[in-house]
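1. Fold the following and give me the result.
(one chain, ligands or ions: 1)
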Amino acid sequence: MTDLADRTLVQGQPVLNEAEIHQQLTALPDWSLTTQSDVPRIQRAYRFADFAKALAFVNQVGALAEEQNHHPALLLEWGKVTVRWWSHDAGGVHLNDLIMAARTERLYQ
Ligand SMILES: C[C@H](O)[C@H](O)[C@H]1CNC2=NC(N)=NC(=O)C2=N1
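-> Model (predicted):
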């Protein structure tokens with residue numbers, strides 16, 4: 001099975017249901033499903049030694065988002081970045097959001 005991060009984003013296709021999201025999240029153990037305003041999203045908090053390192057990570061994730069024209073919500077705090085992915089147009093979590101979460105993982109070392 002191709003690693004999620006190596007998969008290409010796909011247009012169309014419906015959002016995933018809760019069971020499908022949880023099944024995909026087995027490959028992303030540090031990510032969780034959250035719902036805000038009735039919209040399911042996947043999220044993870046990343047820890048850093050200071051604010052500057054957290055900001056550098058935000059910029060890396062931002063560049064990835066711009067490359068793919070698929071953008072997360074990013075909360076930048078001292079030593080912490082919370083990343084949240086969902087598909088605005090589809091109103092939920094799409095396979096693309098899992099792919100982007102897997103690619104976000106690759107930026108964190
Ligand atoms: C106009 C622009 O292409 C769209 O708004 C894109 C931008 N980035 C996006 N990001 C996400 N996460 N979901 C979207 O539906 C989306 N749509």
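2. where does this protein come near the ligand, residue by residue?
-> Applying CB under 6 Å from any ligand atom, we find that the chain lies next to the ligand at 69, 70, 71, 87, 88, 89. Every C-beta, even on glycine, is put in place using the N, C-alpha and C of the backbone.
3. the helices in this protein, which residues?
-> Listed in chain order, the helices of the chain (DSSP state H) span residues 18-25, 51-68, 95-107.
4. Most tightly packed of those helices?
-> Greatest average neighbour count among those goes to helix 95-107 (a mean of 21), per mean count of other CB atoms under 10 Å.
5. Show me what that helix is packed against.
-> helix 18-25, strand 39-47, helix 51-68, strand 80-85 (3 or more CB pairs under 8 Å, 6 or more residues apart in numbering; DSSP states H and E).
6. in the shortest one, what's buried?
-> Right, the one you point to is strand 80-85. The neighbour-count check on strand 80-85 (16 or more other CB atoms under 10 Å) flags 81, 83, 84, 85 as buried.
7. With mean pLDDT as added columns, please give the helices and strands packed on helix 95-107 in a markdown table.
-> Listed next are the helices and strands packed on helix 95-107 as a markdown table, based on pLDDT from 0 to 100:
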| stretch | mean pLDDT |
| --- | --- |
| helix 18-25 | 98 |
| strand 39-47 | 98 |
| helix 51-68 | 98 |
| strand 80-85 | 98 |
